[in-house]
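> structure, please.
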Amino acid sequence: MVVPSLQENLSNAIMESMACGKPVVAFDVGGNSDMIEHKINGYLAKPFDTSDFANGIEWVLNASNYDALCKNARGKVVKEFDSKVVVEKYVRLYQEVLRNGDQKTVIGKAKAVNCERE
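Model (predicted):
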């Protein structure tokens, strides 16, 4: 899969392609490096460097370890972006925010609740 976007967040096209076991060539911009591991499950070209991008396409097409690239692409998505994994990450984040939240806000809310009860 070739994704020539110059700006990305967390591309569904990249994630879906990798979930299908296809290595991806993309520029190293935005969230692309969160999914693509350079020469492990795809190729991250230097930002805006079209020559490097072309090199990446050629590298993937001629990779002697193409089957491993495909397996690694699928594995990355399953390991880090499966819905169950993402839910667990959100739960941990929310728990941390609740544990380490702004104590003044928490105390202020507790006082407001106590005043309402009186």
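
> residue 55 and residue 71, how far apart?
23 Å (CB to CB, to the nearest Å). Heads up, the C-betas are built off the backbone N, CA and C, glycines and all.

> pLDDT below threshold where in the chain?
Scanning the chain for pLDDT under 70 picks out 102-118.

> number of nearby residues for residue 55?
Residues near residue 55, counting by other CB atoms under 10 Å, number 15.

> that one touches residue 45, doesn't it?
Yes: counting by CB atoms under 8 Å, residue 55 touches residue 45, with 7.3 Å between them.

> buried residues, the helix or strand containing residue 68. List them.
With secondary structure defined by DSSP states H and E, residue 68 is part of helix 66-81. By 16 or more other CB atoms under 10 Å, the buried positions in helix 66-81 come out as 69, 70, 72, 73, 74, 76, 77, 81.

> residues contacting the second one?
Applying CB atoms under 8 Å, 6 or more residues apart in numbering, one finds that residue 70 lies in contact with 21, 22, 23.

> please tell me how far residue 99 sits from residue 15.
Remark: distance between residue 99 and residue 15 (CB to CB) = 30 Å.

> residue 100 too?
Residue 100 is 30 Å from residue 15, by CB to CB.

> ok, these two, which is more surrounded?
Using other CB under 10 Å as the criterion, residue 100 and residue 15 rank with residue 15 on top: 19 against 8.

> all set, thanks.
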